[in-house]
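Asks: I would like to see how this sequence folds:
(one chain, ligands or ions: 2)
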Amino acid sequence: MSVVYSIDMILDILFPKRCINCGKFEDFLCLNCKNSLKVVGFQRCPNCKNKNFCGKLCDKCVENFYFDQLILCFLYDRNTVLQKLVVNFKYKFLRSINEFFISTLENQFSKFFYDLNKNVIVVPVPMSREKMRLRGENHAKILAQNFAKKLNLNFCDALWRDHREDQAKLKRIDRLINLQNSIFLKKEYVNCLNDKTVVLIDDIVTTCSTVNECSKALKMANIKYICVLALARGH
Ligand SMILES: [Zn+2]
Ligand SMILES: [Zn+2]
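Replies: Ligands and ions are numbered 1, 2, ... in the order given. All right, here's what the predicted structure looks like:
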């Protein structure tokens, strides 16, 4: 038994795990609430939403985007359980939620991504320095690091983000203008990502404008293929 696990077991006895949704003493999420999360079984074109199994942009839409594929884990549907999980992950950082997210990301990725090879690099959606100061952590980065470690892939924090107004507070059209030229490739990576495939990790994707801006910046380094992997797509 490792030291970490025995400490976990003692903590479990002193502070039994409660479901973050209904409060039942069982686990961080009881079986009932866990079952209410709908895992995406069929991905769609991220733009026109036509079903196409693996989430690639269809022939009609692909020209307007810089990335190639979007793989989602959960249906959002304003699911309160998922919202609570994400909030608890962001503000309390529960290790069990992190593990649950990573294993779901891994399952969905292995189901819908076909070209796993040594040229695959994991990159997180960046957070501006100002927002980092407020939040303390970039959670997309934590997910990306743990995901890369689990799958034994290279991790690269290749992008940086200029501070702009909070996207969530803006209307759709203002979001697009707000984002323009706000995400950049770090200078040190300009010449070393040539011909690589990137798995770009985010927690909740909304309009795809952020991941598209990231992809635009990544394409400056001659990236071959970009697959966005996220927990869910919000509204
Ligand atoms: Zn519950
Ligand atoms: Zn389409």
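Asks: Got the domain ranges for this structure?
Replies: Split into domains by automatic domain parsing, the chain comes to 1-36, 38-233.
Asks: which secondary structure element contains the residue nearest to the spatial centre of the chain?
Replies: In the chain, the residue lying closest to the centroid (CA atoms, centre = their mean) is Asp202, at 2.5 Å. Element membership for Asp202 (DSSP states H and E) is strand 197-205.
Asks: Neighbouring strands of that strand in the sheet, and parallel or not?
Replies: strand 120-124 (parallel), strand 225-233 (parallel) (DSSP bridges).
Asks: just so I know, which of these lies nearest ligand 1?
Replies: strand 225-233 (18.7 Å; CB to the ion). The way it works is simple: take the backbone N, C-alpha and C, and place the C-beta from them, glycine included.
Asks: Output the closest one as PDB - backbone C-alpha positions only.
Replies: C-alpha atoms of strand 225-233 as PDB (Å, rounded to 0.1, in the frame of the first residue of the first chain):
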ATOM      1  CA  TYR A 225      -3.400  18.400 -37.600                       C
ATOM      2  CA  ILE A 226      -5.200  19.900 -34.600                       C
ATOM      3  CA  CYS A 227      -7.700  17.900 -32.500                       C
ATOM      4  CA  VAL A 228      -9.500  19.800 -29.800                       C
ATOM      5  CA  LEU A 229     -10.400  17.600 -26.800                       C
ATOM      6  CA  ALA A 230     -12.800  19.100 -24.200                       C
ATOM      7  CA  LEU A 231     -15.100  18.000 -21.300                       C
ATOM      8  CA  ALA A 232     -18.200  19.500 -22.900                       C
ATOM      9  CA  ARG A 233     -19.600  22.200 -25.100                       C
END
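Asks: which residues are contacting it?
Replies: 46, 66-76, 82, 86, 101, 104-105, 108-109, 113, 115, 143, 147, 197-206, 208, 211, 215, 218-219 (CB atoms under 8 Å, 6 or more residues apart in numbering).
Asks: Thanks again, I'm all set now.
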